[in-house]
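> sequence plus predicted model, see below.
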Amino acid sequence: MTVLSVNLNKIAVLRNSRGGSEPDPVAAARVCISAGCGGITVHPRPDGRHIQHADVVALRRLCQDQVEFNIEGNPFAPPRDGYLGLIELVRLTRPEQCTLVPDGDGQLTSDHGFEVENEAHRLEPLIAQLRVLGCRVSIFMDPGAAGMDRLKQLGADRIELYTGPYAHAHAEGMAAIALHACSGSAVAAQRAGLGVNAGHDLSQSNLGDFLSALPGVLEVSIGHALIAESLYAGLEATVSQYLGIIASADSAR
C-alpha cells in the first residue's frame, strides 16, 4: 500500500507569521499519526522560513518507532546561522529517508528535479554519506528526465517524481500527457531497481487518478493541499480522507 507522508511545512509557516509557538508542528504531527499516516516530511530551508532546526529535532523524537521521518532539502546549500546544512541535520537526527531536492535559496517552492548527468559527480559522495548514516536516499526528479540507471549506480534507493506539472494539467482537464510522462519515469525507475515516491501539488482532487495510473508508488508526500483542506474539514478528517483515496486506488489494481 502507498504510504502517506504528511509535509508539515505550512504549519510552521503559519506559526512563523505571528511568532510564538502556535500552531505547533509537533502537535499537528501527533494528529496526523493518530489518524493513520505512515510518515512525516519536513523540508527545512536555510532561511528558516518555515520548519526550523528545533522542529526537526522534536519531530524526529516524536516519529521514532511510530512512523517514518523524511527530511527533504538541497544538499549543496551551505550551512549558516540557524541551519546546519542538510547532511549535518541528517547526521543529528537519523531520519529513515532523506530526499535530495535541487532548490535554490530564492525559490518559493521546489519546482524542478535533478539533471543526473550534470550532477552525478556531486551527488555520488553525498549519497554515500547518507547511506552510511542509515538513510534511504530519494532523488527529486522531473517526469521524463533521463538517468534512472545512473542514479542506481550512484547508490540512490528511490526517486521522488515531481508532480507539479501533473497537478496543473489535471486542474485544466488535460492530465493524460502528464500522466504518461510520470508513468514512463516510474517504469524506468522500477526497471533500474529504484523505488518510486511522488510529491508536489497532489491533492484529494488529483491523487486517485495519479495512483490509478502509476501502480507501485511507494510513498506520496503531501503538504500544501492537505493543510489547506484541513482548514475546512479538520486535520484528522483530512488525513483520513487521503488514506481512503489511497486505499481505493490500491484495491482497484
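Great, that's in hand.

> drop to CA atoms for contacts and neighbour counts, all remaining ones
Fine.

> name every strand pairing with the strand or helix carrying Cys98 and say which way it goes.
Using DSSP states H and E, Cys98 falls within strand 97-100. Applying DSSP bridges, strand 97-100 is found paired with strand 68-73 (parallel), strand 136-141 (parallel).

> could I get those in a markdown table, plus columns for mean neighbour count, distance to Asp24 and mean pLDDT?
Formatted as a markdown table, these follow (neighbours: other C-alpha atoms under 10 Å; distance: least, C-alpha to C-alpha, whole Å; pLDDT from 0 to 100):
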| stretch | mean neighbour count | distance to Asp24 | mean pLDDT |
| --- | --- | --- | --- |
| strand 68-73 | 23 | 17 | 97 |
| strand 136-141 | 24 | 27 | 98 |
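
> need the ones you listed in a markdown table (columns: distance to Gly20).
Output for the strands paired with strand 97-100, formatted as a markdown table (distance: least, C-alpha to C-alpha, whole Å):
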| stretch | distance to Gly20 |
| --- | --- |
| strand 68-73 | 23 |
| strand 136-141 | 33 |
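
> nearest to Ala58, out of those?
For Ala58, the closest of these is strand 68-73, at 11.3 Å, according to C-alpha to C-alpha.

> how much space separates the most centrally placed residue in the chain from Ser212?
Ranked by distance to the mean C-alpha position of the chain (C-alpha atoms, centre = their mean), the top residue is Ser221 at 4.2 Å. Look at Ser221 and Ser212: by C-alpha to C-alpha, to the nearest Å, they are 17 Å apart.

> right, and Tyr242 touches Leu202 too?
No: Tyr242 is beyond contact range of Leu202, at 10.3 Å (criterion: C-alpha atoms under 8 Å).
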